[in-house]
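# give me a model of this one.
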Amino acid sequence: MTKKRVFFGVAIIVLILAGYYLYLTLKPPTAFLTDEQLITELNRYDQKLQTEVIVNKQQLDARHYYVPIELKDGKSGMSFWKWYRGDWKLLQITTHPFLRWQLDDKDASTIHFVWHQQSKQESTLPIYLIADRSYHVSNDVHRYEPRVQLESAISVTAYGAKRIPSEWATIMTSTNQPFIQDKFDFFQPYQGERYTIYAQYLDIFSVPSNRSYLVDHAKSTFDYVMHIERYQLE
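Just a heads-up that it's a prediction; the model follows:
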């Protein structure tokens, strides 16, 4: 009888915890934080990344906000927020002027370019989706992949966010699959994702030494966008 009571007690606790987790997962987002609440949370983590001004709050979808900030030392910065498990969570603070934020790490269509610079001059930023030529042999099957180069552009002002072109997301989702390696061919080079995003951002953004503080991924990813020179284009 005692063992049964213990079993049922543990089962009830597990069900309660599972129910609470499900509640937090499904709980709809509440109103976003005030400037005062944002600053209080931002200033908890890094003494060298202390926020003085909330520049704007840019909602990317129902669960994600991009918040450009001004730091107490005069630098421009960016912060990223997500409604996650029943609360608004700070994901990252950075002084880097240009990043790629994928809101859902399993969905390429949620990639956004985000930026914040001190200059308010409007500029056009060329961006590229490129796959280099490649040739592979596996199990006597020869495969040649031609070079692909797609170009688009972002109109850049002091700060903002821009979603990846929908056709890029479709291509990346359908073709960014790892090449299957012959498990007996130890001399075959590793092949990862085929497509890479580039931008000519050094023509627009000044990239001095920067500082970042990652608080939580929360199923998002942050990446630097690689710079590409004009002579590297075809």
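# for the chain, what are the low-confidence residue spans?
Counting by pLDDT under 70, the chain shows low-confidence ranges at 1-27, 175-193.
# measure the residue nearest the centre of the chain to residue 225 for me?
Among the residues of the chain, residue 101 comes closest to the average C-alpha position under Cα atoms, centre = their mean, at 2.3 Å. From residue 101 over to residue 225 the distance is 11 Å, taken as Cβ to Cβ, to the nearest Å. In short, each C-beta sits where N, CA and C put it, glycine included.
# what touches both of the two?
residue 113 (Cβ atoms under 8 Å, 6 or more residues apart in numbering).
# what about residue 141, distance to residue 220?
Using Cβ to Cβ, one gets 37 Å for the distance from residue 141 to residue 220.
# circling back to that earlier point, the residue nearest to the centre of the chain: what secondary structure?
Following DSSP: H, G, I helix; E, B strand; the rest coil, the label given to residue 101 is strand.
# make sure it is actually in contact with residue 66.
Yes. With the criterion set as Cβ atoms under 8 Å, residue 101 and residue 66 qualify as a contacting pair; they are 7.4 Å apart.
# quick check: neighbours shared by the two?
Residues touching both residue 101 and residue 66 comprise 80, 112, 114, 161, with contact defined as Cβ under 8 Å, 6+ apart.
# distance to residue 106 added to these, as a markdown table?
Output for the shared contacts of residue 101 and residue 66, formatted as a markdown table (distance: Cβ to Cβ, whole Å):
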| residue | distance to residue 106 |
| --- | --- |
| 80 | 18 |
| 112 | 15 |
| 114 | 19 |
| 161 | 20 |
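# in the protein, which spans are helices?
2-26, 35-42, 166-175 (DSSP state H).
# give the buried residues for the last one.
The reference is to helix 166-175. Applying a neighbour-count criterion of 16 or more other Cβ atoms under 10 Å, the buried positions in helix 166-175 are 168, 169, 171, 172.
# so the third one versus residue 82, what's the distance?
The span separating residue 171 from residue 82 equals 26 Å under the rule Cβ to Cβ.
# also the last one?
In this structure, residue 172 and residue 82 are 22 Å apart, going by Cβ to Cβ.
# next one: stretch 106-117 to chain centre, how far?
Mean C-alpha position of stretch 106-117 versus that of the full chain (Cα atoms, centre = their mean, to the nearest Å) differs by 6 Å.
# and that stretch, end to end?
With Cα to Cα, to the nearest Å as the measure, the first residue of stretch 106-117 is 29 Å from its last.
# any buried residues in it, and which?
Within stretch 106-117, the residues that qualify as buried by neighbour count (16+ other Cβ under 10 Å) are 108, 109, 110, 111, 112, 113, 114, 115, 116, 117.
# among these, which one lies nearest to residue 207?
Distances from the buried residues of stretch 106-117 to residue 207 were compared by Cβ to Cβ; the smallest belongs to residue 117, at 10.0 Å.
# can you pull the contacts of residue 33?
By Cβ under 8 Å, 6+ apart, the contact list for residue 33 reads 41, 81, 88.
# which of the residues you listed ranks first by neighbour count?
Neighbours here mean other Cβ atoms under 10 Å. Within the contacts of residue 33, the largest count is held by residue 81, at 25 neighbours.
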